[in-house]
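J.: A structural model of the following input is requested.
(chains A, B and C)
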Amino acid sequence: MKYALFLGCKIPSRLPAYETSLRAVLGHLGVTLVDLDFNCCGYPARNYSRDAFVVAAAHNLALAERAGLDLLTPCTCCFGTLRHAIRFLDEDVELRARVSQALAAEGLAWSGKTEVEHLLPVLARTVGIDTLAAAVRAPRTGLRAAAQYGCHALRPSDVTGIDNPAAPTMFETLISVTGATPVDWHMRLDCCGDPLHEANAPLSEHMTRAKIADALESGAEVICTACPHCHLRFDAVQAGSTDPAIRTLLYTQLLGLAMGLPAKSLGL
Amino acid sequence: MSSTLFQTLLYASLTLCGLGLLWRVSAWFRVRIGPDAQEVTPSQRVATLIRGAASALFGRQLFRFLGAFFLDVLFLRRLYANEKLRWLGHLLIVVGFTVLVLMHALAPVVTAKLFPGYQPTLAPYLFLRDFLGAMVIVGVAMVHYGRWRRRNGFSTTRGPANAAFMVLLTIVLASGFLLEACKIASPRAFYRMTEEYIGSTDPEQLKPLRALWASEFGVAFGDLREPIDPMLVEQGRELHRNACAPCHAQPASAFVSYPVAQALAPVMGFLDRSGADAWLLYLHLFACFIGLASLPFTGFFHVLAAPVGLLLNAAPQNLVLSASNRASQRALALDACVRCGICDVRCSVAPLSRYLGNPGLLPSHKLIATGALANGQLLRTGHEYDALRAADGAFLCTDCGRCTSACPVGLDLEDLWDAERGDLAAAGLARPAQWVQARPAFTWAESLEIDSAKRVISDADVSRVPLSADRSVFSRCVQCQTCTNVCPVVAHSIDSGHGVDLTPQKVMNLLRLGLRDLTLGSRMVWDCASCYQCQESCPEGIRVADIMLELRGLAVQRLGSVRSWRQPS
Amino acid sequence: MTRAKQDSCDVAIIGAGMAGMAAALFAAERGLSCILVGNGGSLLFASGLLDLLGVHPVAERRRWRLPYDALVALAREEPLHPLARINAVSIRSAFQSFVAALGAAGLRYAPLGERNRNVLTSIGTIKATHGVPISMIAGADLLDALDARPSCLLVDFRGLREFSAAQIAATLGDRWPRLRHQRIEFPGYEAAAELYAAHLARALETGKTRERTIALVKPLLGDARAVGLPAVLGLARAGEVHAAFEAGLGVPVFEIPTMPTSVPGLRLLAALEAAVSARGVRRRHHATVRALAFDGEGGTATLALDGAAGGVRARAVVLATGRFTGRGLTADRRQIRESILGIPVHQPGSREFWHQRDFLDASGHAINRAGLLVDEAWRPLDAGGEPFWPRLYAVGSILAHQDWMREKCGSGLAISTAWAAMQHVARQLRGTAAG
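T.: Okay, the predicted model is just below:
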């Protein structure tokens, strides 16, 4: 198992623990990660022009294809954006021609070979639940964790397609394999509020707080995340707040702890 | 050159340099970048810096500062980590230039004092001067090669002052080498010396010495017959040993000037007659003086700004993060940046910048725009286009922090961009979500109506917004409200009191009725969280969220064309 | 680097409405690997009530209190009707199995029994149906005891335009004199002009909003023996919310379905998705079948899907694509076609016979009885009366000889034909696997 690792913009600067724990865990599971000189996935340009966002995304796809690798991202928003770019390129030949031209100007090309994978299905399917179960040395028994799927891991399902968008089970299964108990919380599939942060801060905060309250009401001790945007959003809203708080834990950290890796190697 | 003139020029340029430095340094406390910087007075900023310096010098922090001084300032470890070639080139320039200044320019006060027998024409100074000059040239070449390799199709961001300074530097170095070459090859200089030290300028009497100096010291006597008799050379050596050798070593070690001197031999007679050594000296000195005087006004001011910035980074966190220190550091960043362009290469949105043809996305260009915004230039009439492009650049930044981690002079660029965005927003150049939502959707639609020429969408535009342009997509909408029912934004906007104006299903209905312009400025379109619940749930398979995002792009384009950001909305 | 992925399975089900979902559930319960293609959007228009057979014959508009008696009559008078071809034991099993799966997914139904139950609609009419969600059953119980003139309070929320307690009370006033109605503000949404049922349902899943709402209703109770509310009592946690209301108010509480698309529709869709997901059914949402090709008599079927989803290979295929709104059937100027394969559609001889002259004609229109003809194993027939392909099946409303809307048998048709067809699918696939 070998992938080009696409970290995106947020992880290296704002959530380095995600990278640390990801490398530690995947290293132990025999997944090889290759670092390429990737750029922004294109997400911020979606507000400006579809062409521009697809070009930025295709730039990355082309870099991965040149290296002969599929792309693995632990960022759910990057995942959605890159998958969307592929969809638009697949369904619009004129767009594809324009993008190819832009790539050619940079000495790049994308023929459509690169697959974009999200961390969760790579762990659950490619590595496999059985392998994970075998790697667990220190089960986190008793820990009640609320799975935060992240919108762009699930929807639209014809683009992301990692699980049934209406009734996903993958993240809960991944939590169970660590020995922790996934809690059932009714807002688990909801938006964390992060994308609205710039456009409508009060509304965004309201959405985040509603999720946190629901996770607490459901008896969760931690919100388990697999996206830097969600993770940082929960932390940011809770910072300096007097409301009841809930801890956030990256799935790679939870898994790493269960695998008996030292906390330090997981950025904890 | 008369010493009076020399001294006058020297002191004049030193004074200019000093005043310039004062002016530039004062800017670190005067220039306000970022909304929080408006709250801090210059005197507070000075006080913070003094406090920081004091804590550095008299506290435990001293070692941190010393470490920063040696590693960051002298060794340039950040540059070393990011770009080895430029690091080497930079090192060559710094060492070459510094030693040249000490050993050569300040020879009477430095070298002569340290080495009592100092003569510029003795070994190893002959060699060292050339060697140091060559180091600078090689270093400059390496730096420029790196810069060329990092070219990105956009015009360079370095101003004319820097170009002029580079010309001056070239003149200094070239005139230095030429002057040296002239002095080596000049018969006139030879006779001037023999007159002084031997008391003769008679070619016949000096024949052996001439033979020696022609064959081993490169003097280009126009009247000397080849080949030179080896016996004569040996005869000359005796005289040389007594009269010349104490001050003159063989110039062949001047590995640049000596070959130049040999090359100049055929025209040496002409050069001597025209007094070349004199005007080359003037040129050399004038260029040095002008360079000295203008240094504070060019990018080379970074020789002061960058080290100060690097040392400030070593200050305790609470000081670094204080508003008044941030304000100073931002202003200082404008001076410490040398436009090396390493950040531009690492920039996460660089491909976007190239595709959009907007260099304003790139850090080095953003830094200039930040400066222009701080001094008001960007907001002047006639700069609207630049201002809007700068705003696009600022708001497309993803805060990935790669520029900051790559910056060889350790600038906290993320903080600078954050401040810049604050200033842009204060000037009415907010991000699209904000400037669009500053007016109700229907007034935008009215503006488009009034400016009807801009309402026409070209075929090219339509192909770029295929989802919202295709009526057949919306004819399937049965207004079942599922999109609204599953929309978290509508659900939460109701009870938080920050409501949306339309619901997703109403946006779809407006599109269905061909009233797309009415949707462009709507809060629903701009407050969409793109969580894709609507799209996932639509029983008719309408790509609601994709359409919302597409409408935003269209709004930026179309509302941007009728937007007047100078008028408060 | 494997973007053109192709999945394979025992059975591919095309269409994820009630029939497709039921087929997927039953396939998975029989141990068949299954891929379900299409979005479940049509379920959003469902009310959560599961009709079996309410009206027969259509022309007489005869309503049945006992659906299994109606099925006997149907079998006698319309032997070609799909429901007439399935025995009562199978239909009972199908319903039990379906309702059990929904219950396990959090959407509980009242015990099915033998009867059709009467429930209130949002316009104040009374509708007969077979399967009633627990959250609505108290209303059916009240209607059973209408002669005793029970006291009942209907509550609605200001701003929820699709539901008016006053209108229901006005419509039923003559028959139900002690039916009162009250309007309250929904807590937290006081400033909102317009409310949406699903948002209220989700808001009620948080304890605080629930408690505040109960506190607003409680003083209005008076002598009411039961409280009726629009169907907004929770989505994923509907059972919990409903129980909390009953406990908080101390009387039975029942929901009345609002106009589609409604919260019960959302619940049904969510529960079915959860149920198929839990049984390992692989989903291809949004995908539409561009082409369906068969690889010889004994081979496999290949589905080419639109979008980047990749194709599907299956040993058997079930068409559950519905009628015209589900796009299983397409009507042009001259005739009706089956949309994917062009399978012959049983239909009136020409367009002029599609409809009766009177649109509201009690006996319905011939076009509503058009559809696919199938053999005894639920395989659609080609022009020669032979199975179109040996392992191609059709279930649900695409079948001919039924008029589910007028017969009030939509869920019954979907669930029962899915059950019956899947028995044949399982038998045949086991046969080929063994062979």
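J.: Could you break the chain into its assigned domains?
T.: By default, I'm working from chain A. A:2-118, A:129-266 (automatic domain parsing).
J.: You answered for a different chain; I wanted chain B.
T.: Split by automatic domain parsing, chain B gives B:183-280, B:341-430, B:438-561.
J.: how about the strands of the stretch 51-200 of chain C, start to end?
T.: For the stretch 51-200 of chain C, applying DSSP state E, counting those that start in this stretch gives strands covering C:117-120, C:126-129, C:152-157, C:179-184.
J.: What values do phi and psi take at C:Leu36?
T.: phi -110, psi 120 (degrees, to the nearest 10).
J.: Identify the bridge partners of it.
T.: Counting by DSSP bridges, C:Leu36 is bridged to C:Ile13, C:Arg283.
J.: burial count for the residue nearest to C:Ala128 when sequence neighbours are not counted?
T.: Sequence neighbours aside, C:Asn116 is the residue nearest to C:Ala128 in space, at 4.4 Å (criterion: C-beta to C-beta, 6 or more residues apart in numbering or on different chains). Backbone N, C-alpha and C define where each C-beta goes, glycine included. Using other C-beta atoms under 10 Å in any protein chain shown, the number of residues around C:Asn116 comes to 25.
J.: Could you look up the next helix or strand downstream of the longest helix along chain B?
T.: Taking DSSP state H as the criterion, chain B has its longest helix at helix B:3-30. Following helix B:3-30 in sequence order, the next helix or strand is helix B:42-58 (DSSP states H and E).
J.: Return the list of helices and strands in contact with that next one.
T.: Applying 3 or more C-beta pairs under 8 Å, 6 or more residues apart in numbering or on different chains; DSSP states H and E, one finds that helix B:42-58 contacts helix B:3-30, helix B:61-67, helix B:302-313, helix B:317-320, helix B:323-336.
J.: now those helices as CSV including mean neighbour count?
T.: Converted to CSV, those look like this (neighbours: other C-beta atoms under 10 Å in any protein chain shown):
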stretch, mean neighbour count
helix B:3-30, 14
helix B:61-67, 15
helix B:302-313, 20
helix B:317-320, 12
helix B:323-336, 24
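J.: what's the closest of the ones you listed to B:Asn82?
T.: Closest to B:Asn82 of the helices and strands packed on helix B:42-58 is helix B:302-313 (C-beta to C-beta; 13.9 Å).
J.: now the angle from that closest one to helix B:323-336?
T.: Relative orientation of helix B:302-313 and helix B:323-336, computed by axes from the mean of the first three to the mean of the last three C-alpha atoms, to 10 degrees: 150 degrees.
J.: which stretches of the chain form helices?
T.: Using chain A. A:10-14, A:16-28, A:50-66, A:76-91, A:93-104, A:119-121, A:129-135, A:151-154, A:170-177, A:201-217, A:228-238, A:251-258.
J.: right idea, wrong chain: chain C
T.: C:18-29, C:67-77, C:88-104, C:134-144, C:165-172, C:197-203, C:207-217, C:238-249, C:263-278, C:404-407, C:410-434.
J.: Tell me which other helices or strands the fourth one touches.
T.: What it means is helix C:134-144. Partner elements for helix C:134-144 (3+ C-beta pairs under 8 Å, 6+ apart): strand C:117-120, strand C:226-230, helix C:238-249, strand C:253-256.
J.: rerun at 10 Å
T.: Packing contacts for helix C:134-144, counted by 3 or more C-beta pairs under 10 Å, 6 or more residues apart in numbering or on different chains; DSSP states H and E, involve strand C:117-120, strand C:126-129, strand C:152-157, strand C:226-230, helix C:238-249, strand C:253-256, helix C:263-278.
J.: roughly how far is it from the heart of the chain?
T.: Centroid separation for helix C:134-144 versus its chain: 19 Å, with C-alpha atoms, centre = their mean, to the nearest Å.
J.: now the angle between strand C:179-184 and it, please.
T.: Using the same axes, to 10 degrees: helix C:134-144 against strand C:179-184 is 150 degrees.
J.: for the second one, same thing?
T.: What separates the directions of helix C:67-77 and strand C:179-184 is an angle of 110 degrees, with the same axes, to 10 degrees.
J.: Contacts for helix C:67-77, please.
T.: With C-beta atoms under 10 Å, 6 or more residues apart in numbering or on different chains as the test, helix C:67-77 has contacts from C:51-57, C:62-64, C:66, C:81-88, C:91-92, C:95, C:112, C:114-116, C:128-130, C:402, C:407-409, C:412, C:416.
J.: Return a selection command, for use in ChimeraX, containing the buried ones of those residues.
T.: Per 16 or more other C-beta atoms under 10 Å in any protein chain shown, the buried members of these correspond to this ChimeraX selection:
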select /C:51,52,53,54,55,56,57,64,81,82,83,84,85,86,91,92,95,112,116,128,129,130,402,407,408,409,412,416
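J.: Look up how far B:Ile171 lies from the nearest residue to B:Leu128 once chain neighbours are set aside.
T.: Of all residues not flanking B:Leu128 in the chain, B:Met103 sits nearest, at 6.5 Å (C-beta to C-beta, 6+ apart). Noted for B:Met103: a distance of 20 Å to B:Ile171, by C-beta to C-beta, to the nearest Å.
J.: Please apply the same query to B:Asn358.
T.: 37 Å.
J.: For B:Gly117, grab the count of nearby residues.
T.: 8.
J.: ok, the closest residue to C:Gln96 other than its chain neighbours - contacts?
T.: Excluding its sequence neighbours, the residue lying closest to C:Gln96 (C-beta to C-beta, 6+ apart) is C:Leu112, at 6.8 Å. Residues in contact with C:Leu112 (C-beta under 10 Å, 6+ apart) are C:50, C:52, C:67, C:92, C:95-96, C:98-99, C:130-132.
J.: As a markdown table, these with distance to C:Ile340 and pLDDT would be great.
T.: A markdown table is the format used below for the contacts of C:Leu112 (distance: C-beta to C-beta, whole Å; pLDDT from 0 to 100):
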| residue | distance to C:Ile340 | pLDDT |
| --- | --- | --- |
| C:Leu50 | 28 | 97 |
| C:Leu52 | 29 | 97 |
| C:Pro67 | 32 | 97 |
| C:Arg92 | 32 | 97 |
| C:Phe95 | 29 | 98 |
| C:Gln96 | 32 | 97 |
| C:Phe98 | 26 | 98 |
| C:Val99 | 31 | 98 |
| C:His130 | 31 | 97 |
| C:Gly131 | 30 | 97 |
| C:Val132 | 35 | 97 |
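J.: Around chain A, which positions in the stretch 251-400 of chain B sit nearby?
T.: Residues of the stretch 251-400 of chain B lying close to chain A (C-beta under 10 Å from any C-beta of the partner chain) are B:345-356, B:358, B:361, B:392, B:395-400.
J.: Taking the contacts of C:Leu112, tell me the two that lie furthest apart.
T.: Within the contacts of C:Leu112, two members stand farthest from each other by C-beta to C-beta: C:Arg92 and C:Val132, at 16.4 Å.
J.: returning to that earlier point: B:Asn358 and B:Ile171 - which one has more neighbours?
T.: Neighbour count, other C-beta under 10 Å: between B:Asn358 and B:Ile171, B:Asn358 has more, with 20 against 17.
J.: That one contacts B:Ala369, doesn't it?
T.: No: the pair B:Asn358 / B:Ala369 is not scored as a contact, 11.1 Å apart, by C-beta atoms under 10 Å.
J.: So which of the strands of the stretch 51-200 of chain C is the most surrounded?
T.: Among those, strand C:152-157 has the highest mean neighbour count (mean count of other C-beta atoms under 10 Å in any protein chain shown), at a mean of 24.
J.: Partner strands of that strand and their direction?
T.: strand C:179-184 (parallel), strand C:226-230 (parallel).
J.: confidence score at C:Gly410?
T.: C:Gly410 is assigned 96 on the pLDDT scale.
J.: and it, how far is that from C:Ser42?
T.: 10 Å.
J.: So what's the residue count around the residue nearest to A:Glu205 when sequence neighbours are not counted?
T.: Excluding its sequence neighbours, the residue lying closest to A:Glu205 (C-beta to C-beta, 6+ apart) is A:Val237, at 5.8 Å. By other C-beta under 10 Å, the residues close to A:Val237 number 23.
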